[in-house]
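1. give me a model of this one.
(chains A and B)
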Amino acid sequence: MSKPALTPQENNFQAIISHAKEYGFVFPSSEIYDGLSAVYDYGPYGSELKKNIRDYWWHSMTQMHENIVGIDAAIFMHPTTWKASGHVDNFSDPMIDNKDSQKRYRVDHLIEAKADSLRAAGAAAEADALLAQMDQLLAAENFEGLKNLLTEQKITCSVSGTSNWTDIRQFNLMFDTQLGSVAEDANTIYLRPETAQGIFVNFLNVQKTARMKVPFGIAQTGKAFRNEIVARQFIFRMREFEQMEMQFFVRPGTQMKWYEYWKEARLKWHTDLGMPANKYRYHDHVKLAHYADAALDIEFEFPFGFKELEGIHSRTDFDLTRHQEFSKKKQQYFDNDIDEATGKPYGNYIPYVVETSIGLDRMFLAVLSNAYEEEKITKEDGSTDERVVLHIPAKIAPVKLAILPLVKKDGLPEIARELMDSCKGQFKCFYEEKDAIGKRYRRQDAIGTPFCVTIDHQTKEDQTVTIRYRDAMTQERVHISKVKEIVLGAIA
RNA sequence: GCGGAAGUAGCUCAAUUGGUAGAGCGAUAGCCUUCCAAGCUAUAGGUUGCGGGUUCGACCCUCGUCUUCCGCUCCA
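-> So this is what the prediction gives:
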């Protein structure tokens, strides 16, 4: 068996991963100990880029929308939170593999399918009994019993047609740990598998203290943790990842209007950043999660195909209602606005929620893979060359401006240092006087610096410098005093 | 998790049938002073992913393990 050739896209993805490591964007976690599966660290330029993406999002949410405020909730939450949210019940599924076909199934799906076929054959009572038995075994976490049930019911794999099953295993997607220093007194708590619940449990705190009126939103960025069975594709699916999400609380009945609004608004956020529209598409969910009445993904064309980048979910009043039930604390809002239909205030209700949730690490990967180019250059003498350049939008580029004295003598470094000092308080700058100027330009290309400024001997005569643009590789002379405003203009 | 493939310096790769690792690029320091990586000098950097086994001797053979990639699978 020969090794299948890599497609150009896969090849490109490998190159992006290598580039990310080589230039200090993303490192495998604990690499000196052979790494830790599906965990990555962000390096000097990676952490700048990630922070810039987060800031751009935060700014667009909490600063550009007067009715959105932010919070920063803890990763640890009361364990009941996850019972209310449904994660305890729905986030851990008993799985089983068929040894012949090597297909994996959720045990409950297999049994439900059998029940459906029984019902179709007119044995509705038998089907109900089967499901009742399954629920009982699931509740008791009796995996042996469940496997016996599969055997008794002669449930087979649809691919191999055999019932050569492995043992049932539980995959709990939530990480747990102990709260409290004394083990026997400890309670099991979970690392949050999503950030959303931190917003829901603070709904009234925020609404009251910030004096918010429906419709309004609460934004948050932060880490979430999922013990994925398979976590792969670089930073696309990690066990520890960062979400940027906003829960928008609306009057019941208006959720579809807001769902449409945020569907448009969120795609616009991406294109406003300069990301290409043709690499985006919507993907409507056909099968909805238990909490949603509408849901879609904004997908991005990664090097390995179109994949989910962001989700827009109409979560109804599911979460707040559940928290009200479990906490016994009312989660309602009093709406003083007049309902034109009745002439009276809308009164008390539990708001509906439209969620926008984007993976920061995925956005990082989208930006990086979109930016990466191995560009062929034709030089003035007709020979060709190649450069690796990251076309990162200037707004979020790790370094905005590189300041380069043409030579490191004749007083040029002093002028360059002066410019450096006047700019570095406003945006991230990089100073370098080593090596030929062309080499320094290429190094900046590799980390996506949009502007380079070169101080030469003419600068001493007329205070002009050369500003060189990353994408077009063109350059022009401008007065040294204009440099700061050119950069600020591009990143505002 | 299953199946397949791969791990040698920061990167790309070498190293006859098994004989105790080299190059280019890159990096660092200096010289040169030149607007798109190409000059000169020097330096650093590897228990060959890790751990056993076979052998006089292992980068090479073998077993295990870790990591990564591909295909399934899973994914609020």
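2. ranges for the strands of the stretch 301-450 of chain A?
-> According to DSSP state E, counting those that start in this stretch, the stretch 301-450 of chain A carries its strands in the segments A:305-316, A:333-339, A:344-349, A:352-359, A:372-378, A:384-390, A:401-405, A:429-431.
3. packing partners of the helix or strand encompassing residue A:461?
-> Secondary-structure element containing residue A:461, defined by DSSP states H and E: helix A:457-462. Helix A:457-462 sits against helix A:412-423, with contacts defined as 3 or more C-beta pairs under 8 Å, 6 or more residues apart in numbering; DSSP states H and E. For the C-beta atoms, the positions are set from N, CA and C on the backbone; glycine is no exception.
4. any idea how far residue A:142 lies from RNA strand B?
-> Note on residue A:142: its distance to RNA strand B, by C-beta to the nearest atom of the strand, to the nearest Å, is 21 Å.
5. quick one: residues contacting residue A:327.
-> Applying C-beta atoms under 8 Å, 6 or more residues apart in numbering, one finds that residue A:327 lies in contact with A:80, A:84.
6. one more: the one 10 residues further on?
-> In this structure, residue A:337 makes contact with A:345, A:346, judged by C-beta under 8 Å, 6+ apart.
7. coming back round to it: for the strands of the stretch 301-450 of chain A, give me CSV that also has distance to RNA strand B and mean pLDDT.
-> CSV is the format used below for the strands of the stretch 301-450 of chain A (distance: least, C-beta to the nearest atom of the strand, whole Å; pLDDT from 0 to 100):
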stretch, distance to RNA strand B, mean pLDDT
strand A:305-316, 6, 91
strand A:333-339, 23, 94
strand A:344-349, 23, 95
strand A:352-359, 7, 95
strand A:372-378, 6, 85
strand A:384-390, 5, 85
strand A:401-405, 8, 95
strand A:429-431, 12, 94
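8. most tightly packed of these?
-> Each of the strands of the stretch 301-450 of chain A was scored by mean neighbour count; the highest is strand A:401-405, a mean of 27, by mean count of other C-beta atoms under 10 Å.
9. which helices and strands sit right next to that one?
-> Using 3+ C-beta pairs under 8 Å, 6+ apart as the contact definition, the elements that strand A:401-405 packs against are helix A:412-423, strand A:429-431, helix A:437-447, strand A:451-455.
10. please identify the deepest-packed of these.
-> strand A:451-455 comes out most buried of the helices and strands packed on strand A:401-405 by mean count of other C-beta under 10 Å, with a mean of 24.
11. list the helices and strands it packs on?
-> Contacts of strand A:451-455 with other secondary structure elements, assessed using 3+ C-beta pairs under 8 Å, 6+ apart, are made with strand A:401-405, helix A:412-423, helix A:437-447, strand A:464-469, helix A:483-491.
12. now the fourth one: average pLDDT?
-> It stands for strand A:464-469. The average of the pLDDT scores along strand A:464-469 is 95.
13. on that earlier part again, how about the strands of the stretch 301-450 of chain A, which one is nearest residue A:36?
-> strand A:352-359 (19.3 Å; C-beta to C-beta).
14. which residues does that closest one contact?
-> Contacts with strand A:352-359, where a contact means C-beta under 8 Å, 6+ apart, come from A:57, A:194, A:196, A:200, A:241-255, A:258-259, A:262, A:266, A:298, A:309-317, A:319-320.
15. tell me the phi and psi of residue A:428?
-> The main-chain torsion angles of residue A:428 are listed as degrees, to the nearest 10 and equal phi -70, psi 120.
16. what is the burial count for it?
-> Here the number of neighbours of residue A:428 (other C-beta atoms under 10 Å) works out to 16.
17. how close does it sit to RNA strand B?
-> Here the criterion is C-beta to the nearest atom of the strand. By it, residue A:428 lies 18 Å from RNA strand B.
18. who's in contact with that residue?
-> Going by C-beta under 8 Å, 6+ apart, the list of residues near residue A:428 reads A:48, A:398, A:399, A:400, A:401.
19. which among those residues count as buried?
-> Applying 16 or more other C-beta atoms under 10 Å to these, the neighbour count classes A:48, A:398, A:399, A:400, A:401 as buried.
20. redo the helices and strands packed on strand A:451-455 as a markdown table? Include distance to residue A:303.
-> Converted to a markdown table, those look like this (distance: least, C-beta to C-beta, whole Å):
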| stretch | distance to residue A:303 |
| --- | --- |
| strand A:401-405 | 28 |
| helix A:412-423 | 35 |
| helix A:437-447 | 18 |
| strand A:464-469 | 26 |
| helix A:483-491 | 27 |
